[in-house]
Structures are given as C-alpha cells and as structure tokens.
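In: A predicted structure for the sequence below; I have some questions about it.
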Amino acid sequence: MAQKNVKVLMAKPGVDGHYRGMLVVSMALRNAGFEVIYGGNMSPPEIASTAAQEDVDAVGLSLMTGDVKAWVADTIDELKKRDKGDVLLLLGGVIFEQDIPELRAMGVNGIFTSRDSLDDIVEFVRRNTSGEIAGSSKR
Amino acid sequence: MTEAKESGNQFVTWSDIPIKELYTPEDVKDLDYERDIGYPGQPPYTRGVYRDMYRGRQFTIRRFSGVETPEDTNQLYRHEIELGQTGLAIAPDVPTSTGLDSDDPRCKGDVGFCGVPIDSIQDMEIVFDGIAMDKITTWTYTVPLTAMYFVVAEKRGFDLKVIGGSTPTMGFATPSPRDAPWEVAIDGWKRESLDFAEWTSEHAPKWHNTSIAAYAVKDNGFNNIQELGVLLSGAMAAADAWKERGKLPLEVFFKRISFEMATASDFFEEACKIRAGRRMWTRICQERYGLTDPALMQFRIRCQTQGSTNTIEEPLNNLMRIGFGMLASTLGGAQSLHANGYDEALCIPTDQSMLLSIRTLQIIQEEINVTTTVDPLAGSYYVEWLTNELENRTWDYMKKIEDMGGMMAAIKSGFFVTELKKANYDWIQKIQTGERVVVGVNKYRMKPEEVPYQVPVYTFEPTARDKQIERVKKLRQERDNASVTRALKNLEAACRGDENTFPFMMEAFSAYATLQEVCDVWREVYGLNPHARMHG
C-alpha cells in the first residue's frame, strides 16, 4: 500500500521544544511509505517556502504549548502567498476542544490529539492524498 | 491481554525486566547487608543520604511553575507558599528557556504559554516581589536565569552566601531531545556551566551548582535503566570536564551535586532505581574518583512525575498515577518532589490542579505515615533483588556508553538520536498494541461523551503577551544603553578569554541587558549547536 510519491512536511511553528508527537507521527508516516520531510522548528514563512519548493502534498503542524490559532493562521497565510493554500493541512498536539471549529474554518483539514492513534493519522493522509478531495476530516 | 501475559511469561517491569511470581531469600543470597545495603547516612547510602531521612527533613514540595506574565507568576508563587509549598521552581516559557526575548519574531506565538517570560531582571524582580529569597530555595532552570536571580537577590539586600537553590547546569553532559537550532554549541554550554559551578562554589556556597538531569530522556520514552545510565554517565562526563579544567579541587564538584529524574508508573521499579542510584554513585565516587569523604558521595535527587505518562482520556485518572508515582519516589528516598497537575495533557495546570499537586505531597508527608521510618521497603526480597537487577543492568548500559568513548563522544556520535527515536516509537507501539496497559486509553476505553465529568481547562489572557512584548521594547529605550553595550563587550571578552564569565553575565543583567542579548554573546563566540535538528 506504499504511496511513494506522496510527500509530507512535518514542522513545529515557533520555538516549542516538545518533539515527541511530531517525531513519532513522522516515523509512522515514513513506515507507511510516505516521504517525510522533517522540518523541526520552523517559522511560518519557512514552512510555506519549504512546502512550495518541495511541492509537498501535505503539511503536518505540531503544537503543544503555544498560541495554536495564531501559528496556524500565520502558516495558512504564508502557504496561500505561495500558492500552496490547497495543500492538505494536518494539525496535532494539545488542541483545545473549543478551538477546533475555528481551526477547521481557517482551513485545517485534519486535527489530531493524543486520543487518536498513529493509524488514524496515516489513514487520513492516505485517504486524502489519493485523488479524493481533501477536506473530509475525521473529527 | 491478561491471557497473553500469563501464557507468554510477559510479566515484566517498565524496563522489561522479567518478574518472577515469588521472591525468596534465595534471590538475595549474595547480598551482604553491611557492604550492599548498610545504614542511611553512610556509604553506600542504599538506604538514604541522611541518617534520619524524612524525620529530620521532609522532602521539599517544589512545583515547577510559571504562568503568562511575571505578575501572574508572582501571585502564583505567593499562593503556592501560602498553601504550604516549601520550594519554588521557575518554569520559563519556551523562548525564555532557550534564551530568546519576547519580542523576537521567531517566538511570536509562544510568549507566556507554558511558563513565564523573563526577559530581564525587571521581570525577575516582579516574579520574586515580596518573596523571602533567603528563606525559600528556588530551582532556576538555566545559568542565565540564575544570574538574574542572584542580581535581584543582591539588589534586595540578601547575601548570596545564604541564598539556596539549584540549577540544572550540566545539561551539556546529557543527551537532549531538544532540536532548537538557535542554541549555543556544546562547548559554550560546557564553559558556561563550569564557570557557574566554580564561581558559585565560592560566592554562593549553599547553591546546588552541579546538577544533572535525566527527566527529558525519560519523558521521551527511555526506560529506568537508560535513564539512570544517562544520569550517572552524564555526571561522570561533567566531573571529568571539571577535572580536565583543573581550576578547583575535584571535591568542590562533588560537594553540591544533585540529580533529577522522572517518575513513571512502575511503582517498585521507580523506588528501586533511586536506591540503586545511590549505591552506584557511591561506588563511582570511591572507585573512579578515589574520594574518601562520605559527605561527597551523596546522591541527592529531585523527582517529577513523568508528564508524558498522563492521558487526555479521563484526566482525573492522572491524579492517581501522580499520587502513586510520588509515593514510589518517597519510598525511594527522594529529596525534592514535583507532582504534576492531573490536567497537563490538556493544558497548563489550573488553580484546582495546582492545589491538588501540593495536597498530594502533603498527604504523603503527613497523613499516610510513610515518612516516619527510614527506607521502609528495605529487606523485601523483591525490592532488594530489583535494586540489584537495576544496578547490574545500568552498569551494562553505562559500559556501552563508556565503550563509545564516554558520554560526550556518544552524544557527538549521534547514538542518542537513534536511541531516543526508537524509545519514543517503541513506547507508542506498546500502547497502541495493548502490550502496555494504560487504563482508559487502550483498555476500558470510553467515548469522550461517556466520561461522566469534565475538568476545567486553563484559559489564557489574550493581551498578556502584548504587554510583555511592550515591556521589553520599552526597556531597550529607557535603559542606559551605553552601559549595556559596555557590559556585553566585557562579557564577550571574558568568553573569548580565560576569566570566569559568570560575574560578567551578572554585570550585564545588572545593567538591564536582556536575556537574548546575553545569550547572543555566547552564540557569537561559540557558534550554534551543530547537533541541532537531531531528528531531521
């Protein structure tokens, strides 16, 4: 079931130092056959320019401590500036329940917390990068 | 799950040590009481670092805390002290913890989240306003924050000779799961740590200035054997670095050393690892460093419950996990404890969870009668066997590190990058396959809407961050910039030369240099960490 051509950029906007989630999700995606670019801490412009240069199919943002809405909004703005507004956008980490509707409205396609399994995330990326229209999200 | 365990001899500890059905004198027949266990307050310190342990001195209740703004954090600290907390620990926000100012564009969305922003001594003064710095001990997270703490203490008229606390200084000697590409190169970090430890040993003699922490690697999936191995091998690397510099006698290094570990869910293993750690450290002091004064061989330890073992599902279950973990650390004989908030998988701790953290430790100290006699687990066949087993397996792990050329060489070789990745991934796999039971997560799982309660979640004040950014900008305009520049130049000269850098760091902060300005001097002189982006 490997989809060798699907590329995912994994990044953590800002300076947060909690890497476990991003690391483990990156490994799960790699093990599932996706090509993962592990960006580590990056600013929103860096995320967007890497996403454009590498022509990725999906961007995964990991946020555990910061102002999630602000970082996501900035990243989406930067992606749009580089014509990557349509990229499949995933968000994982400590995400407040009450923020989820707003984050979806901003354009986040999939939101995952520690309630979700790695398989859920892999399946989500697989489903949404296989030619179907991105945006059908699981939660 | 249970069936698989029973049929396949899968009864194991958190560190995968097989557990027998029953332990008898046969399992500890080689144990020599005087040699291997002995008496508390005496080598090999298996039973505790002090003769009377908690009867003479209770463990310190020290939450690692900080919120949104210096003002809010001051209120929090005052409240913690009112509730009976006996020590403070500064939890800086991420920019502050990595040496960035609040107005740096890189940390726009991180200021005041997950800790307190401290950009200059102005903020440090606010954080400790009205707090008796000569009475309470504080854990100050980094060397620059300790410098600010000292400057503020002196400004308020306290003699540094009476100020107590600790700084996890020797981080250069333990692998870091952090990726931050703006962090100073390891040689800079090493110099900063050793200068600090040397300076404080003379000028702030009550400060625990040589502190080795392994919390972060455990929180990233290392088991207790790996954690203890990293801790002790790291301490040896730091001691070797001190010895190599040769400025002060080795005894000075050992006098104020302290350790830090994370407490997870395996009750007996958590208690036994502390007992094993004490015995091993004594042996290292005697055999590797030839020390003879027993007072220099004490393995004093701070334990904090391991954040990554707490779950978002049924968050009140975490309260039980934390309570059991802290009980294990108490029975193991720790000197300072931090009980995490039960809600930390969801948010930073609310008032409610802060109160429960403190009360959990007070109940352990004063209600359930476990601190009234020293090392009550001693003599249990299982406990003594497991203490031995952990010790033997940890020596093996340390041998592996030694064979790579020691801890510093192992870090530089990238060994721990692979090791941490594997540990993180294996741990998640064990939970996802059900091999390691987590109640409410992979067993007895409920749908979120079926859980019959909700817990309050911390909400942030949206304008707090803007006020902090304004404050540091205003400071840059209003301070005497000529003296800041001069002080930073002096610090740079010290960094390039041979003099102890720490007093120059304090002088720069006295002149109202910001945290990032000071850290940038180090970045400039020593360069950035080439080992960053370890997971890339």
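Out: Looks like it came in fine.

In: interface residues of chain A facing chain B?
Out: Applying Cβ under 8 Å from any Cβ of the partner chain, we find that chain A lies next to chain B at A:13-17, A:19-20, A:23-24, A:26-28, A:38-41, A:43, A:64-68, A:70-71, A:74, A:94, A:96, A:113-115, A:117-119. All C-beta spots, glycine's among them, are computed from the backbone N, C-alpha and C.

In: which ones among those residues are found in helices?
Out: A:20, A:23-24, A:26-28, A:68, A:70-71, A:74, A:118-119 (DSSP state H).

In: pull out the buried members of those residues.
Out: A:20, A:23-24, A:26-28, A:68, A:70-71, A:74, A:118 (16 or more other Cβ atoms under 10 Å in any protein chain shown).

In: helix/strand/coil for the residue most central in space within chain A?
Out: Central residue of chain A (Cα atoms, centre = their mean): residue A:60, 1.6 Å from the mean position. Three-state assignment for residue A:60 (DSSP: H, G, I helix; E, B strand; the rest coil): strand.

In: so it touches residue A:7, yeah?
Out: No - between residue A:60 and residue A:7 there is no contact under Cβ atoms under 8 Å: 11.3 Å.

In: okay if I get the ones in helices among the residues of chain A next to chain B as CSV plus pLDDT?
Out: Shown next, in CSV, are those (pLDDT from 0 to 100):
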residue, pLDDT
A:20, 87
A:23, 89
A:24, 91
A:26, 94
A:27, 92
A:28, 94
A:68, 93
A:70, 92
A:71, 94
A:74, 95
A:118, 93
A:119, 94
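
In: from these, which single one is nearest residue B:48?
Out: residue A:20 (33.4 Å; Cβ to Cβ).

In: and that closest one, how far is that from residue B:414?
Out: 19 Å (Cβ to Cβ, to the nearest Å).

In: how about residue A:81?
Out: 36 Å.

In: now swap in residue B:202 and tell me
Out: Separation of residue B:202 from residue B:414 (Cβ to Cβ) stands at 38 Å.

In: quickly find the element holding residue A:111.
Out: strand A:110-112 (DSSP states H and E).

In: please work out how many residues are found near residue B:413.
Out: Using other Cβ atoms under 10 Å in any protein chain shown, residue B:413 has 12 neighbouring residues.

In: check contacts around residue B:394.
Out: Residue B:394 makes contacts with B:225, B:228-229, B:232, B:276, B:280, as judged by Cβ atoms under 8 Å, 6 or more residues apart in numbering or on different chains.

In: now swap in residue B:243 and tell me
Out: For residue B:243, the contact set (Cβ under 8 Å, 6+ apart) comprises B:250, B:253.

In: for chain B, where's the lowest mean pLDDT among helices and strands?
Out: For chain B, counting by mean pLDDT, DSSP states H and E, helix B:2-7 ranks last in confidence among helices and strands (a mean of 42).

In: send the alpha carbons of whichever helix or strand comes after that helix over as CSV?
Out: Per DSSP H and E, the first helix or strand lying C-terminal to helix B:2-7 is strand B:60-65. Taking Å, rounded to 0.1, in the frame of the first residue of the first chain, the C-alpha atoms of strand B:60-65 are listed here in CSV:
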residue,chain,number,x,y,z
THR,B,60,10.8,19.7,49.5
ILE,B,61,7.5,20.3,47.8
ARG,B,62,8.6,22.1,44.7
ARG,B,63,6.2,22.6,41.8
PHE,B,64,7.8,23.6,38.5
SER,B,65,5.6,26.5,37.7
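
In: what packs against strand B:60-65?
Out: When contacts are defined as 3 or more Cβ pairs under 8 Å, 6 or more residues apart in numbering or on different chains; DSSP states H and E, strand B:60-65 packs onto helix B:70-82, strand B:87-90, strand B:137-139, strand B:336-338, helix B:351-366.

In: the next helix or strand after the third one and chain A in contact?
Out: On the C-terminal side of strand B:137-139, the nearest following helix or strand under DSSP H and E is helix B:143-155. No - where contact is defined by Cβ under 8 Å from any Cβ, no part of helix B:143-155 touches chain A; the two come within 15.7 Å at best.

In: contacting residues around helix B:143-155?
Out: By Cβ under 8 Å, 6+ apart, the residues outside helix B:143-155 that reach it are B:90, B:92, B:96, B:99, B:118, B:120-121, B:124-125, B:128, B:133-134, B:138, B:140, B:160, B:163, B:165, B:167, B:169, B:192-193, B:196, B:204, B:207, B:502, B:505-506, B:509-510, B:515, B:518-519.

In: can you say which of those are buried?
Out: Buried subset of the contacts of helix B:143-155 (neighbour count, 16+ other Cβ under 10 Å): B:90, B:92, B:96, B:99, B:118, B:120-121, B:124-125, B:128, B:133, B:138, B:140, B:160, B:163, B:165, B:167, B:169, B:192-193, B:196, B:204, B:207, B:502, B:505-506, B:509-510, B:515, B:518-519.

In: in strands only, show me the residues you listed.
Out: B:90, B:138, B:165, B:207 (DSSP state E).

In: wait, what's in contact with the third one?
Out: When you say that, I think you mean residue B:165. B:137-140, B:146, B:149, B:207-208.

In: can those go into JSON lines with extra columns for distance to residue B:472 and pLDDT?
Out: Formatted as JSON lines, the contacts of residue B:165 follow (distance: Cβ to Cβ, whole Å; pLDDT from 0 to 100):
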{"residue": "B:137", "distance to residue B:472": "28", "pLDDT": "95"}
{"residue": "B:138", "distance to residue B:472": "22", "pLDDT": "96"}
{"residue": "B:139", "distance to residue B:472": "24", "pLDDT": "95"}
{"residue": "B:140", "distance to residue B:472": "20", "pLDDT": "95"}
{"residue": "B:146", "distance to residue B:472": "20", "pLDDT": "98"}
{"residue": "B:149", "distance to residue B:472": "18", "pLDDT": "98"}
{"residue": "B:207", "distance to residue B:472": "27", "pLDDT": "95"}
{"residue": "B:208", "distance to residue B:472": "30", "pLDDT": "92"}
